[in-house]
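> One predicted model, sequence on top.
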Amino acid sequence: MFDWLASPEGWAALLTLSAMEIVLGIDNVVFISVLVAKLPAEQAERARRLGLGMALVFRVGLLFALTAIMKLTYPVLTILGEELSWRDIILIVGGLFLLYKAVHEIHGEVSGDAHEDARAAAPRAFLAAVAQIAVIDLVFSIDSIVTAIGMADDLSIMIIAVMIAVAVMYLASGVVARFIAENPTTKVLALSFLMLIGVSLVAEGGGFHLPRGYIYSAMAFAAVVEAINVWSRRNGKKREATQMDENGSQSGPPA
(Lines give C-alpha, C1' and ligand atoms only; values in the text may rest on other atoms or scores of the structure.)
Protein backbone atom coordinates (compact mmCIF):
# COMPACT_ATOMS: atom_id res chain seq x y z
CA MET A 1 0.00 0.00 0.00
CA PHE A 2 2.93 2.32 0.72
CA ASP A 3 5.22 1.12 -2.07
CA TRP A 4 5.10 4.62 -3.54
CA LEU A 5 7.27 5.91 -0.67
CA ALA A 6 10.34 4.65 -2.56
CA SER A 7 9.14 6.14 -5.83
CA PRO A 8 9.77 9.74 -6.96
CA GLU A 9 6.58 9.50 -9.02
CA GLY A 10 4.62 8.69 -5.87
CA TRP A 11 5.96 11.72 -4.00
CA ALA A 12 5.29 13.91 -7.03
CA ALA A 13 1.70 12.63 -7.13
CA LEU A 14 1.31 13.35 -3.40
CA LEU A 15 2.62 16.92 -3.71
CA THR A 16 0.53 17.64 -6.80
CA LEU A 17 -2.64 16.19 -5.32
CA SER A 18 -2.10 17.95 -1.98
CA ALA A 19 -1.73 21.28 -3.77
CA MET A 20 -4.87 20.62 -5.80
CA GLU A 21 -6.86 19.62 -2.69
CA ILE A 22 -5.70 22.77 -0.86
CA VAL A 23 -6.83 24.94 -3.77
CA LEU A 24 -10.21 23.19 -3.91
CA GLY A 25 -10.50 23.69 -0.15
CA ILE A 26 -10.48 27.49 -0.54
CA ASP A 27 -14.23 27.40 -1.25
CA ASN A 28 -14.83 25.40 1.92
CA VAL A 29 -12.73 27.80 4.01
CA VAL A 30 -14.58 30.89 2.76
CA PHE A 31 -18.00 29.36 3.43
CA ILE A 32 -17.10 28.18 6.94
CA SER A 33 -15.47 31.53 7.77
CA VAL A 34 -18.56 33.48 6.71
CA LEU A 35 -20.92 31.28 8.73
CA VAL A 36 -18.91 31.28 11.96
CA ALA A 37 -18.13 35.01 11.78
CA LYS A 38 -21.56 35.94 13.16
CA LEU A 39 -21.44 33.43 16.04
CA PRO A 40 -20.09 34.16 19.54
CA ALA A 41 -16.37 33.44 19.82
CA GLU A 42 -16.73 30.13 21.69
CA GLN A 43 -19.47 28.83 19.39
CA ALA A 44 -17.57 30.03 16.33
CA GLU A 45 -14.53 27.96 17.29
CA ARG A 46 -16.69 24.88 17.96
CA ALA A 47 -18.53 25.28 14.65
CA ARG A 48 -15.24 25.73 12.79
CA ARG A 49 -13.76 22.58 14.33
CA LEU A 50 -16.92 20.56 13.68
CA GLY A 51 -17.09 21.80 10.10
CA LEU A 52 -13.51 20.89 9.28
CA GLY A 53 -13.84 17.59 11.15
CA MET A 54 -16.83 16.72 8.98
CA ALA A 55 -14.89 17.78 5.88
CA LEU A 56 -12.15 15.29 6.77
CA VAL A 57 -14.60 12.49 7.63
CA PHE A 58 -16.60 13.01 4.43
CA ARG A 59 -13.50 13.05 2.24
CA VAL A 60 -11.84 9.99 3.76
CA GLY A 61 -15.16 8.14 3.90
CA LEU A 62 -15.80 8.86 0.23
CA LEU A 63 -12.32 7.62 -0.66
CA PHE A 64 -13.19 4.24 0.85
CA ALA A 65 -16.32 4.19 -1.32
CA LEU A 66 -14.48 4.68 -4.63
CA THR A 67 -16.80 2.35 -6.55
CA ALA A 68 -19.87 4.27 -5.47
CA ILE A 69 -18.15 7.60 -6.16
CA MET A 70 -17.22 6.56 -9.70
CA LYS A 71 -20.85 5.60 -10.32
CA LEU A 72 -21.83 9.16 -9.46
CA THR A 73 -20.22 10.27 -12.74
CA TYR A 74 -22.48 8.05 -14.88
CA PRO A 75 -25.37 9.86 -16.65
CA VAL A 76 -28.73 9.32 -14.95
CA LEU A 77 -31.00 11.73 -16.83
CA THR A 78 -31.04 14.09 -19.77
CA ILE A 79 -32.34 17.68 -19.63
CA LEU A 80 -32.49 19.81 -22.79
CA GLY A 81 -30.10 17.43 -24.51
CA GLU A 82 -27.55 17.62 -21.67
CA GLU A 83 -26.72 14.39 -19.83
CA LEU A 84 -26.48 14.82 -16.07
CA SER A 85 -24.87 12.50 -13.54
CA TRP A 86 -25.50 12.43 -9.79
CA ARG A 87 -22.30 14.42 -9.35
CA ASP A 88 -23.62 17.07 -11.74
CA ILE A 89 -26.92 17.22 -9.88
CA ILE A 90 -25.17 17.53 -6.51
CA LEU A 91 -22.95 20.34 -7.84
CA ILE A 92 -25.95 22.20 -9.28
CA VAL A 93 -27.96 21.88 -6.05
CA GLY A 94 -24.93 22.87 -3.97
CA GLY A 95 -24.23 25.85 -6.23
CA LEU A 96 -27.85 27.03 -6.02
CA PHE A 97 -27.69 26.69 -2.23
CA LEU A 98 -24.53 28.82 -2.13
CA LEU A 99 -26.18 31.46 -4.33
CA TYR A 100 -29.27 31.52 -2.09
CA LYS A 101 -27.17 31.69 1.08
CA ALA A 102 -24.92 34.46 -0.25
CA VAL A 103 -27.85 36.60 -1.48
CA HIS A 104 -29.74 36.02 1.79
CA GLU A 105 -26.73 37.01 3.89
CA ILE A 106 -25.97 40.09 1.77
CA HIS A 107 -29.60 41.18 2.14
CA GLY A 108 -29.30 40.70 5.89
CA GLU A 109 -26.11 42.78 6.01
CA VAL A 110 -27.72 45.60 4.03
CA SER A 111 -30.98 45.62 6.01
CA GLY A 112 -29.37 44.89 9.38
CA ASP A 113 -31.57 41.83 9.99
CA ALA A 114 -28.59 39.46 10.17
CA HIS A 115 -27.24 40.98 13.39
CA GLU A 116 -30.67 41.05 15.03
CA ASP A 117 -31.32 37.41 14.14
CA ALA A 118 -27.92 36.35 15.48
CA ARG A 119 -28.58 38.03 18.83
CA ALA A 120 -32.13 36.73 19.10
CA ALA A 121 -31.45 33.04 18.48
CA ALA A 122 -27.84 32.14 19.23
CA PRO A 123 -28.43 28.40 19.92
CA ARG A 124 -30.45 27.96 16.75
CA ALA A 125 -27.86 29.96 14.81
CA PHE A 126 -25.14 27.54 15.96
CA LEU A 127 -27.13 24.45 14.93
CA ALA A 128 -28.10 26.04 11.63
CA ALA A 129 -24.46 26.95 10.91
CA VAL A 130 -23.27 23.38 11.63
CA ALA A 131 -26.05 21.90 9.45
CA GLN A 132 -25.23 24.21 6.53
CA ILE A 133 -21.51 23.52 6.87
CA ALA A 134 -22.27 19.77 6.73
CA VAL A 135 -24.27 20.16 3.50
CA ILE A 136 -21.60 22.21 1.76
CA ASP A 137 -18.83 19.97 3.12
CA LEU A 138 -20.52 17.05 1.37
CA VAL A 139 -20.83 18.94 -1.93
CA PHE A 140 -17.21 20.11 -1.90
CA SER A 141 -16.01 16.69 -0.71
CA ILE A 142 -17.58 14.92 -3.68
CA ASP A 143 -16.03 17.43 -6.08
CA SER A 144 -12.67 17.10 -4.31
CA ILE A 145 -12.64 13.30 -4.27
CA VAL A 146 -13.65 12.95 -7.92
CA THR A 147 -10.67 15.18 -8.73
CA ALA A 148 -8.40 13.11 -6.49
CA ILE A 149 -9.44 9.87 -8.18
CA GLY A 150 -8.52 11.34 -11.54
CA MET A 151 -5.06 12.41 -10.37
CA ALA A 152 -3.81 9.45 -8.32
CA ASP A 153 -4.21 5.67 -8.30
CA ASP A 154 -3.01 4.83 -4.78
CA LEU A 155 -5.58 5.14 -1.99
CA SER A 156 -2.96 5.97 0.65
CA ILE A 157 -1.69 8.90 -1.45
CA MET A 158 -5.22 10.27 -1.75
CA ILE A 159 -5.91 9.91 1.99
CA ILE A 160 -2.63 11.62 2.99
CA ALA A 161 -3.24 14.43 0.48
CA VAL A 162 -6.74 14.98 1.88
CA MET A 163 -5.42 15.05 5.46
CA ILE A 164 -2.75 17.60 4.49
CA ALA A 165 -5.36 19.75 2.74
CA VAL A 166 -7.75 19.67 5.71
CA ALA A 167 -4.88 20.57 8.08
CA VAL A 168 -4.07 23.60 5.91
CA MET A 169 -7.80 24.45 5.78
CA TYR A 170 -7.92 24.33 9.59
CA LEU A 171 -5.03 26.76 9.93
CA ALA A 172 -6.32 29.07 7.21
CA SER A 173 -9.95 29.10 8.35
CA GLY A 174 -9.03 30.49 11.77
CA VAL A 175 -7.14 33.40 10.23
CA VAL A 176 -9.86 34.10 7.64
CA ALA A 177 -12.68 33.85 10.22
CA ARG A 178 -10.92 36.24 12.63
CA PHE A 179 -10.20 38.69 9.82
CA ILE A 180 -13.86 38.72 8.74
CA ALA A 181 -15.04 39.08 12.36
CA GLU A 182 -12.65 41.98 13.03
CA ASN A 183 -13.40 43.69 9.70
CA PRO A 184 -17.16 43.45 9.03
CA THR A 185 -16.85 45.13 5.63
CA THR A 186 -14.95 42.11 4.33
CA LYS A 187 -17.98 39.87 4.94
CA VAL A 188 -19.77 41.26 1.88
CA LEU A 189 -16.65 40.56 -0.18
CA ALA A 190 -16.55 36.98 1.14
CA LEU A 191 -20.25 36.56 0.33
CA SER A 192 -19.55 37.82 -3.19
CA PHE A 193 -16.89 35.10 -3.44
CA LEU A 194 -19.52 32.53 -2.45
CA MET A 195 -21.82 33.80 -5.20
CA LEU A 196 -18.98 33.39 -7.69
CA ILE A 197 -18.27 29.87 -6.40
CA GLY A 198 -21.98 29.02 -6.58
CA VAL A 199 -22.15 30.13 -10.21
CA SER A 200 -19.08 28.03 -11.04
CA LEU A 201 -20.59 24.93 -9.38
CA VAL A 202 -23.88 25.33 -11.28
CA ALA A 203 -21.99 25.88 -14.54
CA GLU A 204 -19.76 22.84 -13.96
CA GLY A 205 -22.76 20.71 -13.08
CA GLY A 206 -24.37 21.82 -16.35
CA GLY A 207 -21.34 20.76 -18.37
CA PHE A 208 -19.74 24.18 -18.79
CA HIS A 209 -16.29 24.16 -17.17
CA LEU A 210 -15.05 27.44 -15.73
CA PRO A 211 -11.27 27.32 -15.10
CA ARG A 212 -10.78 27.57 -11.35
CA GLY A 213 -7.55 29.50 -11.89
CA TYR A 214 -9.47 32.50 -13.25
CA ILE A 215 -11.92 32.42 -10.35
CA TYR A 216 -9.25 32.18 -7.67
CA SER A 217 -7.14 34.87 -9.35
CA ALA A 218 -10.11 37.26 -9.25
CA MET A 219 -10.75 36.35 -5.61
CA ALA A 220 -7.10 36.89 -4.70
CA PHE A 221 -7.00 40.29 -6.45
CA ALA A 222 -10.17 41.45 -4.70
CA ALA A 223 -8.86 40.18 -1.35
CA VAL A 224 -5.59 42.10 -1.77
CA VAL A 225 -7.49 45.31 -2.62
CA GLU A 226 -9.73 44.88 0.43
CA ALA A 227 -6.70 44.17 2.65
CA ILE A 228 -5.12 47.44 1.45
CA ASN A 229 -8.38 49.27 2.25
CA VAL A 230 -8.47 47.76 5.74
CA TRP A 231 -4.83 48.69 6.33
CA SER A 232 -5.49 52.22 5.07
CA ARG A 233 -8.50 52.67 7.37
CA ARG A 234 -6.52 51.44 10.39
CA ASN A 235 -3.67 53.85 9.64
CA GLY A 236 -6.19 56.67 9.25
CA LYS A 237 -7.68 55.93 12.67
CA LYS A 238 -4.21 55.81 14.23
CA ARG A 239 -3.34 59.20 12.71
CA GLU A 240 -6.59 60.70 13.99
CA ALA A 241 -5.94 59.31 17.47
CA THR A 242 -2.38 60.68 17.42
CA GLN A 243 -3.54 64.13 16.31
CA MET A 244 -6.19 64.20 19.05
CA ASP A 245 -3.56 63.30 21.66
CA GLU A 246 -1.19 65.96 20.35
CA ASN A 247 -3.93 68.61 20.35
CA GLY A 248 -4.90 67.63 23.88
CA SER A 249 -1.33 67.85 25.12
CA GLN A 250 -0.74 71.22 23.41
CA SER A 251 -3.84 72.81 24.92
CA GLY A 252 -2.65 71.76 28.39
CA PRO A 253 -4.71 71.66 31.57
CA PRO A 254 -7.14 74.50 32.16
CA ALA A 255 -5.78 77.40 34.24
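Happy to help now that I have it. Residues are numbered from 1 along each chain as shown.
> Next up, the contacts around the nearest residue to E82 once chain neighbours are set aside.
Leaving aside its sequence neighbours, E82 sits nearest to G207 (Cβ to Cβ, 6 or more residues apart in numbering; 5.5 Å). Any C-beta I mention is one placed from the backbone N, CA and C, and that applies to glycine too. By Cβ atoms under 8 Å, 6 or more residues apart in numbering, the residues touching G207 are 82-83, 88.
> swap in F97?
135-136, 139, 198.
> what about the nearest residue to G198 once chain neighbours are set aside, which helix or strand?
Counting by Cβ to Cβ, 6+ apart, G198 lies nearest to L98, which is 3.3 Å off, once chain neighbours are set aside. In this structure, L98 is located in helix 86-111 according to DSSP states H and E.
> Mind listing what's buried along that helix?
For helix 86-111, the neighbour count (16 or more other Cβ atoms under 10 Å) marks 86-88, 90-92, 94-95, 97-99, 101-102, 105-106, 108-109 as buried.
> cool, stretch 161-176 as well?
Using 16+ other Cβ under 10 Å as the test for burial, stretch 161-176 gives 161-162, 164-166, 168-170, 172-174, 176.
> in this structure, which spans are strands?
Here the chain has its strands, by DSSP state E, at 75-79, 82-85.
> Please spell out the segments of this structure that come in under the pLDDT threshold.
The chain contains residues with pLDDT under 70 at 1-6, 66-67, 70, 112-123, 147, 149-153, 245-255.
> which residues of it fall in helices?
Taking DSSP state H, the helices of the chain run over residues 8-37, 41-63, 66-71, 86-111, 113-120, 122-151, 155-182, 185-205, 212-251.
> Distance check, the nearest residue in space to L14 that is not next to it in sequence against S192.
Excluding its sequence neighbours, the residue lying closest to L14 (Cβ to Cβ, 6+ apart) is I157, at 5.2 Å. Computed with Cβ to Cβ, to the nearest Å, the distance linking I157 and S192 is 35 Å.
> More neighbours: those two, which one.
The neighbour count for I157 versus S192, taken as other Cβ atoms under 10 Å, is higher for I157 (23 against 14).
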